[in-house]
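Enquirer: I would like to see how this sequence folds:
(3 chains)
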Amino acid sequence: MKKTFAAILGATMMTAPMAMADDWPTRPLTMVIGFAPGGSTDIQGRVLANVMEEYLGQPVNVVNQPGGGSAVAFTRLKNTEADGNTFLFGGTTALTFTPIITPVEYEIDDFEYLAAVALGQNAIVTSAEQPFSTFDEIIAHGKENQMTYAQQTPLDEAIMRAIAEEEGLDLAIVPTGGGGGMAPLVLGREVDFAYSGGTHAQYTPTGEMVVAAFMSAERSPFYPDTPTLMELGYDYSIEDYRTIIVPQGVPENVKARLLEAAEYASESQAFKDITEGNTFFPVVFIGQEEMEANVRRIRAATEEVMAD
Amino acid sequence: MPRSDFWSGLAVAGFGLLALLWMIPNYAGSNPFAQMPPELVPGIGAWLMLVCGGIVAVKGLVQILRERISFVTTEFNWAAVGWAAWPFVYVAVAIWFMSFIKITWFGAFLIAGMLLLLGERRWYMILGCSVVPVVLLYVLSVYMMRVGVV
Amino acid sequence: MDFSAVGAAAAEALTLASFIGIGGGVLLGYVVGVIPGLSRSVAISIAIPMTFYMSPYIAISFLIGLSKGTAAGSAVSAILLNAPGEASSAATALDGYPMAKQGKPKTALQIGLIASVMGDILATIILIFVAIPFARVALMFGPYEMAAILAFALVFIAGLSGGNIFKGLAAGGLGILLGTVGLDNQTGLPRLTFGYTELMDGMPLIAVAIGTLALSEMFVQSEKLRYERGTMSVALKKDDSDRMTWPIFRRILPTILRGTGVGTFVGALPGLGPSVGSFMSYGMAQKAAKEPERFGKGEPKGIAAAESADNAVIPAALIPLFGLGIPGNVSAALLIGAFAIHGITVGPLLLRDNPELLYSIFAGMILASVIMLALGWFGLMFFAQITRVPPHVVIPVVIFFCLAGMMLQGYGTFGLIILMGFALLGYLMKKYDYSFVTFLVAFIITPMLELNLRQSIILSRGNWEILLGRPIAMFFIACTVLALVTLIIRTFRTDKAAAGAPNSE
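Expert: Sure, this is the predicted structure:
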């Protein structure tokens, strides 16, 4: 902790004389994406880069650093110069969840969370052809029958195990390795219900898939009638914010410019079209203060769930 | 080729054994609740290597003994080995270089150097073949993929 | 069939951008095919990074156009150099080179081209009509069926890859072992990553592919340069009598049709690949001919049989890919990676969720065949010149693109080291005759197989009787057992004789 503080102090002192740079940025910026090209983070990030470029007047290059669900990218970001010229765009799970189960070389305090521009959509889904559609009906059905659930992350598995224990369900949990693998299992009714990180948005408009409950803290604007697990009385949630993240110690004026650019992007039609239309993530704008608190709150809650 | 069969089979079986004795027990992790533990599938792969590599080696050995040839070749053509090995060294050095300088900046020298070593002497061939690919890479990375200079 | 989707697909296939993308793919493929030693999988693995900025449809069509181009282009060097650009065109050289020596190089090239394009178009049409109903059936497949089919594909490919069976299995074992590296898909805990965060998503496919296919091949080729340096290419002359005529076409048409049938059949089975198809077709043409003794001495039918089957395999190999998401050969496996890069999961759901994309790809494939015909016909002289580019010029340039392609992926120095490791591995496997095709296919199939097996075991709760209600799964389990038994019997029978079947890629 002391070391980090010294690092911050050093970084601020070093950059302080150059803080006249109100015309920042003066050279091309780099946006780091912690996933291989083509995923939802990459698609959103590339559009975001275009819009930010429009606002900042300097090219924003997108660099993919895949590996370990962004863990590799965060490790490298921690060791880059805190001048704001390099920033990361992506979800916060690599900070709120990954460090709990695997040893990593970074911590929450190594970074600053400038602004979230999109919300994750974690949900519990089931097929429309099942005899149940709400979460309460799933639980009721499960008290009479053996049930199967398809997981995608150890976190949603842990939550579902806890709920199954509370409710006394006989639940078998299968891995799927991602949304692409989940969809055929649910649609083919090989499993009774499943976790979805956003894939369901492709199947709910056709009426094939039903969202039983949301795992996020708040209801989704796209499904206003579907409750969250919290509202149903289970004290669990999985939250993910697609956030612009910089290493600790970036000069204030640079952060302010990045924040403005992020706010500009969150209001841009192009970014909204792609993010909400193609990847089905609601676009939001959450400032730094709230995000710093969010990340730490989610981490504490996750630690509690995984401790069981 | 009983000799190469013997040695390569031995190497494969040895690697399989290494995987079974050290890599899988220490690094495969475990999950006592899983119906299919994480060490099962890598274990199958390692057993396949051990058994099949072992069969290849034993068959090679039998043939070596039957034909009464030695285990190592007597006439070792060092020039041939050197010729086969230098491209590996060349590329390995290039990779080491790439941790300091971007390949776009020294790619032309990389190609030109290898062309020279492979016996090309026409200057226009060397110039064209080394500059054009680098320019293509620059256009691809900076203007098309927008990832910056790599 | 949804006709509005078909219409939209045709419209997208005819935009300028797609013309440039597909045309570029075919052209590049043709050039790569013409250059001996640069194979299809080398070209695809290096070209994948180039597709990042394209739309998914153009990217995939570009890559498929590339495969098709290599299959047609490889005939040029087979005919003019007697050195096939792809192993699969070796059968073309049997009659093509003698025919070129007899002063009819242009006729031979034109026969090869027509046979290629016809085999290609016909097989694409078969693909369209087979893959779509097949995908409907495949939608009913659950984890049990998928696990059974994947196991079957694995055993089948191991048995077919040729060479020493034990070496093939050992290579497959390594593929299985390395395929399990990465986060365990259930617990999320690292497996065999040795503490490297970079390996948490598994060995990067692109590093494994470029390493074992492209880079190692360059090392093999550069080693060969010590012993031989280029062969003389037959030069094309201006000679009006040297061209394909209508009577020749009529004579070879039945051979082309038969070759297409053979190629399509071979392509649809996982693991066989174009070389098996072209040799099988050549053999059948010779058996069916009235004067079989003319084969090998410049018989047009020989070229037609080999080339039509060679090209028919490429679209047909996409039947299991689009229908089930299972790669039939290495090129198809690389296409899975390319689809994933563009955020698309290949398999039966693709047709349902993205019908426009699939129809566009089909339309693009037909377009690619037409472009191939035009390019091949009018660019004959130009491509004949490429056969004169010596390998020692090709090698350094390809090595540069291998390294650059890996850097574009963003894995950094770590990725380069992995690449180098797999290049060395691929070199040793080629040198000591361990099938790297089996290795790669096992590497790609293992994660899918393990996941489906796990799902099956958990879902059935260990109850084997559940399989009785799953006839398709039972069928493929029976096939797997049968393939295993055949494999073992064949191994004991060929124990004495050194097997020398052609490699499947």
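Enquirer: Just give the nearest non-adjacent residue to A:Thr75, would you?
Expert: A:Glu105 (5.1 Å; C-beta to C-beta, 6 or more residues apart in numbering or on different chains). Bear in mind the C-beta positions are built from the backbone N, C-alpha and C, glycine included.
Enquirer: cool, and C:Gln455?
Expert: C:Pro143 (3.8 Å).
Enquirer: Tell me the secondary structure of A:Ile238, please.
Expert: Three-state call for A:Ile238 (DSSP: H, G, I helix; E, B strand; the rest coil): coil.
Enquirer: and the residue nearest to A:Thr75, which of the three is it?
Expert: Assignment for A:Glu105 (three-state DSSP): coil.
Enquirer: How about the contacts made by residue 266?
Expert: Answering for chain A, as no chain was given. A:115, A:117, A:283-285 (C-beta atoms under 8 Å, 6 or more residues apart in numbering or on different chains).
Enquirer: meant chain C, my bad for not saying
Expert: By C-beta under 8 Å, 6+ apart, C:Val266 lies in contact with C:272-274, C:276-277, C:280, C:309, C:313, C:316.
Enquirer: Could you give me the buried positions within the helix ranked longest in chain B?
Expert: For chain B, the helix with the greatest residue count under DSSP state H is helix B:40-67. Under the neighbour-count criterion of 16 or more other C-beta atoms under 10 Å in any protein chain shown, helix B:40-67 has B:40-61, B:64 buried.
Enquirer: now it: how far from the chain's centre is it?
Expert: In terms of C-alpha atoms, centre = their mean, to the nearest Å, the gap separating the centre of helix B:40-67 from the centre of its chain is 21 Å.
Enquirer: and the helix or strand following that helix, anywhere near chain C?
Expert: Using DSSP states H and E, the helix or strand that follows helix B:40-67 in sequence is helix B:78-98. Yes: counting by C-beta under 8 Å from any C-beta of the partner chain, chain C is contacted by helix B:78-98 at B:80, B:83-84, B:87-88, B:91-92, B:94-95, B:98.
Enquirer: phi, psi of A:Phe285?
Expert: A:Phe285 has phi and psi values of phi -140, psi 110 when expressed as degrees, to the nearest 10.
Enquirer: What sits closest to it if chain neighbours are left out?
Expert: Per C-beta to C-beta, 6+ apart, closest to A:Phe285 is A:Ser266, 4.0 Å.
Enquirer: Kindly state the pLDDT recorded for that neighbour?
Expert: At A:Ser266, the model reports a pLDDT of 90.
Enquirer: same deal with the one 3 residues further on?
Expert: pLDDT recorded at A:Gln269 is 88.
Enquirer: residues contacting it?
Expert: So A:Gln269 contacts nothing (C-beta under 8 Å, 6+ apart).
Enquirer: so how far is chain C from it?
Expert: 20 Å (C-beta to the nearest C-beta, to the nearest Å).
Enquirer: Confidence-wise, which helix or strand of chain B is lowest on average?
Expert: helix B:24-27 (a mean of 87; mean pLDDT, DSSP states H and E).
Enquirer: so does that helix get close to chain A?
Expert: No: Helix B:24-27 is not in contact with chain A by C-beta under 8 Å from any C-beta; minimum separation 13.0 Å.
Enquirer: and the gap between the residue of the stretch 201-308 of chain A at minimum distance from chain C and chain B?
Expert: Of the residues in the stretch 201-308 of chain A, the one nearest chain C is A:Gln202, at a distance of 6.3 Å by C-beta to the nearest C-beta. As judged by C-beta to the nearest C-beta, A:Gln202 and chain B stand 27 Å apart.
Enquirer: still on that earlier bit, in ChimeraX, select just the buried ones from the contacts of A:Ser266.
Expert: To isolate the buried subset of those in ChimeraX, counting by 16+ other C-beta under 10 Å, use the following:
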select /A:115,117,283
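Enquirer: Just the ones in strands from the contacts of A:Ser266, please.
Expert: A:115, A:117, A:283-285 (DSSP state E).
Enquirer: and the stretch 1-150 of chain A, which residues reach chain C?
Expert: So the stretch 1-150 of chain A meets chain C at A:36-40, A:43, A:63-69, A:71-72, A:75, A:101-105, A:146, A:148 (C-beta under 8 Å from any C-beta).
Enquirer: List buried residues within the residues you listed.
Expert: Among the residues of the stretch 1-150 of chain A next to chain C, the ones that count as buried by 16+ other C-beta under 10 Å are A:36-40, A:43, A:63-69, A:71-72, A:75, A:101-102, A:104, A:148.
Enquirer: Which ones among these map onto strands?
Expert: Judged by DSSP E, these include A:63-64, A:148 as members of strands.
Enquirer: near chain B, from the residues you listed?
Expert: Applying C-beta under 8 Å from any C-beta, the subset of those adjacent to chain B comprises A:63-64.
Enquirer: For chain A, what's its nearest residue on chain B.
Expert: Distances between chain B and chain A by C-beta to the nearest C-beta are smallest at B:Gly148, namely 4.2 Å.
Enquirer: check contacts around the most centrally placed residue in chain B.
Expert: By C-alpha atoms, centre = their mean, the mean C-alpha position of chain B lies nearest to B:Phe88, the distance being 8.7 Å. Each residue near B:Phe88 by C-beta under 8 Å, 6+ apart is listed here: C:219, C:423-424, C:427.
Enquirer: Leaving out chain neighbours, which residue sits closest to the residue in the stretch 1-150 of chain A that chain C sits nearest to?
Expert: Residue nearest to chain C within the stretch 1-150 of chain A: A:Gly68 (3.4 Å; C-beta to the nearest C-beta). Closest residue to A:Gly68 apart from its sequence neighbours, by C-beta to C-beta, 6+ apart: C:Met200 at 3.4 Å.
Enquirer: and the next element down the chain from the lengthiest helix in chain C?
Expert: Identified as the longest helix of chain C according to DSSP H is helix C:105-138. Counting by DSSP H and E, the next helix or strand C-terminal to helix C:105-138 is helix C:143-160.
Enquirer: tell me the angle of that following helix relative to helix C:105-138?
Expert: Inter-element angle recorded for helix C:143-160 and helix C:105-138: 150 degrees (by axes from the mean of the first three to the mean of the last three C-alpha atoms, to 10 degrees).
Enquirer: May I have helix C:143-160 exported as PDB, CA atoms only?
Expert: Listed next in PDB are the C-alpha coordinates belonging to helix C:143-160 (Å, rounded to 0.1, in the frame of the first residue of the first chain):
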ATOM      1  CA  PRO C 143     -24.300 -33.300 -26.200                       C
ATOM      2  CA  TYR C 144     -24.500 -37.100 -26.400                       C
ATOM      3  CA  GLU C 145     -24.700 -37.000 -30.200                       C
ATOM      4  CA  MET C 146     -21.900 -34.400 -30.500                       C
ATOM      5  CA  ALA C 147     -19.600 -36.300 -28.100                       C
ATOM      6  CA  ALA C 148     -20.200 -39.500 -30.100                       C
ATOM      7  CA  ILE C 149     -19.600 -37.800 -33.500                       C
ATOM      8  CA  LEU C 150     -16.500 -36.000 -32.300                       C
ATOM      9  CA  ALA C 151     -15.100 -39.200 -30.900                       C
ATOM     10  CA  PHE C 152     -15.800 -40.900 -34.200                       C
ATOM     11  CA  ALA C 153     -14.100 -38.100 -36.200                       C
ATOM     12  CA  LEU C 154     -11.000 -38.300 -33.900                       C
ATOM     13  CA  VAL C 155     -10.600 -42.000 -34.300                       C
ATOM     14  CA  PHE C 156     -11.400 -41.900 -38.100                       C
ATOM     15  CA  ILE C 157      -8.800 -39.100 -38.700                       C
ATOM     16  CA  ALA C 158      -6.200 -40.900 -36.700                       C
ATOM     17  CA  GLY C 159      -6.700 -44.000 -38.800                       C
ATOM     18  CA  LEU C 160      -6.600 -42.200 -42.100                       C
END
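Enquirer: Cool, thanks, signing off.
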